[in-house]
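>>> sequence-free structure coming up:
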């Protein structure tokens, strides 16, 4: 378990996954907001 390189790799991977998920959620939020404003017209 003393593999520092491996744990760094996992930490980096997890950060990237969280970042991508966050961006997807944000894009979804913007898309929904745009849809709702279009429907209001």
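Done, it's in. Computed from a predicted structure; not experimentally measured.
>>> Report the rounded mean pLDDT for the helix or strand harbouring residue 34.
Element membership for residue 34 (DSSP states H and E) is helix 4-40. Helix 4-40 carries an average pLDDT of 92.
>>> I'd like the distance between residue 20 and residue 40.
Distance from residue 20 to residue 40, counting by CB to CB, to the nearest Å: 31 Å. From N, CA and C alone the C-beta is placed, and that goes for glycine too.
>>> thinking again about what came up before, buried ones in the helix holding residue 34?
Residues of helix 4-40 include none that count as buried (16 or more other CB atoms under 10 Å).
>>> That helix: how far from the chain's middle?
Distance of helix 4-40 from its chain centroid, counting by CA atoms, centre = their mean, to the nearest Å, is 1 Å.
>>> Could you name the helices and strands sitting against it?
Judged by 3 or more CB pairs under 8 Å, 6 or more residues apart in numbering; DSSP states H and E, helix 4-40 is in contact with no other helix or strand.
>>> oh, and call the first residue 205 from now on, that's how I've got it
Let's use 205 as the start, then, which means that last one is helix 208-244.
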